[in-house]
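K.L.:
I would like the atomic coordinates for the input below:
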Amino acid sequence: MDAGLSFSAADLAQTRFAVSPMWEVVTSYRIVAHRPDSAPHGRWAAQVRPRLVRAGLDRGWLAALVPPQGYLADFLNPTPAGPFPTLAAELDALRRARADDVRDDLDALERDGSREPRLRLLREDPGAVLPRIADEIETYWELALAPYWARIQKVLEADVFHRARQVAEHGSARVLSELHETVRWDDGTLRLVRRHCALTRDQAGSGLLLIPSVFAWPSVLTRSVHPDPPQLAYPARGFGSVWEPRTADAVDAVAAVLGRSRTLLLTELDTPASTTQLAGQCGMSAAGVSQHLIALRNAGLVTAHRSGRSVLYARTAVADQLLHP
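P.N.:
Here you go, the predicted structure:
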C-alpha cells in the first residue's frame, strides 16, 4: 500500500524531531524477544536475553503487548513533550493513558491477530494495570537499555542534529525524502511505500514528529492518534555502529593518561559487566577492580546498574568518546 500524509505550510512548520526512550523500549523488546539473532543487534540481544528470562520479562506485559510484527499499542508511545524526554516523563504519560484509548489499542491488537489472555485484565481495568506495565518497563530499561544508553543516545542525538542542520541548509522536503527507502516526499505529501497501514491526516493532528531509532531497522514505524501529531520512527543514521569495538590506537592513547588497568576495564565494558566478571576477564583481583571502578565512576567514566543481585558497570558517553573519538 502507498499511503500519503498531506502537508500544509503549517504542518511543515510544526514538524519536529524527538528522541524517545519508549520507542527504543518497544523496538528493542521486539528484537530481543522475537529476533535475537538479527544483525546488527545480535551481540546486544545475546547479552540481554538471559537477564530478561531470569527476571520473567519474556512472559510479562511487554511480551503480551509487543507482538513479533505488525501493530504496536499506541499508548506505549505517548507524544514526547520536547526533543529529549526522559523515560520517567514518558512513563508518567503512559500511566495517564485514557481507558477508552487503551481499549481501542487492544481492539487493534486483536484485529492484527493477538490473542494474549492477560490483556483481558488490562481491558477490564486499565487504571489498575497501567502502573504495573510502567513498573515492568522500568525493570526492562534497567536490564536491557540503561547500561547501553550512553552509546545509543549518542547515535540518536547525532541523527537529530544532522537532520536539523540539513533542514536549515536544504529544507524539510529533502530531509523527509532521505529518512528511509520506503518514505518519499511527493508534491506536498509524505508517502509511505509498501506499508500495510495508512498514515493520513484525518487520523491525526497537525505537524509531524520524527523519531530516530537504533532498533527500528529495517522498517519505519508509525503512530497516528488524533489529535496528537503523527509519529514516524525511522532507523537512525549510524545505528549499526552502536556495537562496534573500539580501535587499538584510541585505547593506547587513553592508557597513556589513565593507566593500563583502568583502560583495560573500560575496553572490557564494551559489554556491561559485574566486578566479578571484570576480575576474571582482566586477570585482576575483585578488590582491585572495585577500587578502579570507584575511581572511574567518580570521574564520570562508568555508571552502575542493578541487575538482580549483581551490579553491572557500563561506560558513559564521555568514556566512549575517549575510546572512539
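
K.L.:
which stretches of the stretch 51-200 of the chain have low pLDDT?
P.N.:
Scanning the stretch 51-200 of the chain for pLDDT under 70 picks out 194-200.

K.L.:
dump the residue contacts of the nearest residue to Gly70 once chain neighbours are set aside.
P.N.:
Leaving aside its chain neighbours, Gly70 sits nearest to Asp112 (4.5 Å; criterion: Cβ to Cβ, 6 or more residues apart in numbering). Just so you know, the C-beta spots here come from the backbone N, C-alpha and C atoms, and that holds for glycine as well. By Cβ atoms under 8 Å, 6 or more residues apart in numbering, the residues touching Asp112 are Pro67, Gly70, Tyr71.

K.L.:
Next: Trp23.
P.N.:
Counting by Cβ under 8 Å, 6+ apart, Trp23 makes contact with Asn77, Ile211, Ser213, Ala216, Leu221, Ala233.

K.L.:
Throw these into TSV and include neighbour count, secondary structure and distance to Leu121, thanks.
P.N.:
As requested, the contacts of Trp23 are arranged in TSV below (neighbours: other Cβ atoms under 10 Å; DSSP: H, G, I helix; E, B strand; the rest coil; distance: Cβ to Cβ, whole Å):
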residue	neighbour count	secondary structure	distance to Leu121
Asn77	26	coil	21
Ile211	27	strand	29
Ser213	25	strand	29
Ala216	24	coil	29
Leu221	20	strand	26
Ala233	24	strand	28
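
K.L.:
Pull stretch 237-245 out as CSV, backbone CA atoms only.
P.N.:
C-alpha atoms of stretch 237-245 as CSV (Å, rounded to 0.1, in the frame of the first residue of the first chain):
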residue,chain,number,x,y,z
ARG,A,237,22.0,7.3,10.8
GLY,A,238,24.9,5.1,12.1
PHE,A,239,22.7,2.7,14.1
GLY,A,240,24.9,-0.2,13.1
SER,A,241,27.9,1.5,14.7
VAL,A,242,26.5,1.3,18.3
TRP,A,243,28.1,-2.1,19.0
GLU,A,244,31.4,-1.6,17.1
PRO,A,245,34.6,-2.4,19.1
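
K.L.:
Can you point out the buried residues in that stretch?
P.N.:
Arg237, Gly238, Phe239, Val242, Trp243 (16 or more other Cβ atoms under 10 Å).

K.L.:
tell me which of those is nearest to Ala319?
P.N.:
Val242 (14.7 Å; Cβ to Cβ).

K.L.:
isn't the closest one right up against Ala150?
P.N.:
No. In this structure, Val242 is not within contact of Ala150 by Cβ atoms under 8 Å, at 10.4 Å.

K.L.:
In TSV, list the buried residues of stretch 237-245 along with distance to Arg163 and pLDDT.
P.N.:
Shown next, in TSV, are the buried residues of stretch 237-245 (distance: Cβ to Cβ, whole Å; pLDDT from 0 to 100):
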residue	distance to Arg163	pLDDT
Arg237	8	90
Gly238	12	86
Phe239	14	87
Val242	18	82
Trp243	23	80
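
K.L.:
Show me which of those is closest to Glu142.
P.N.:
Ranked by distance to Glu142 (Cβ to Cβ), the buried residues of stretch 237-245 are led by Val242 at 18.6 Å.

K.L.:
Now which of the contacts of Asp112 would you call buried?
P.N.:
Buried by 16+ other Cβ under 10 Å: Pro67, Tyr71, out of the contacts of Asp112.

K.L.:
Serialize the contacts of Asp112 to a markdown table and add fields for secondary structure.
P.N.:
Listed next are these as a markdown table, based on DSSP: H, G, I helix; E, B strand; the rest coil:
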| residue | secondary structure |
| --- | --- |
| Pro67 | coil |
| Gly70 | coil |
| Tyr71 | coil |
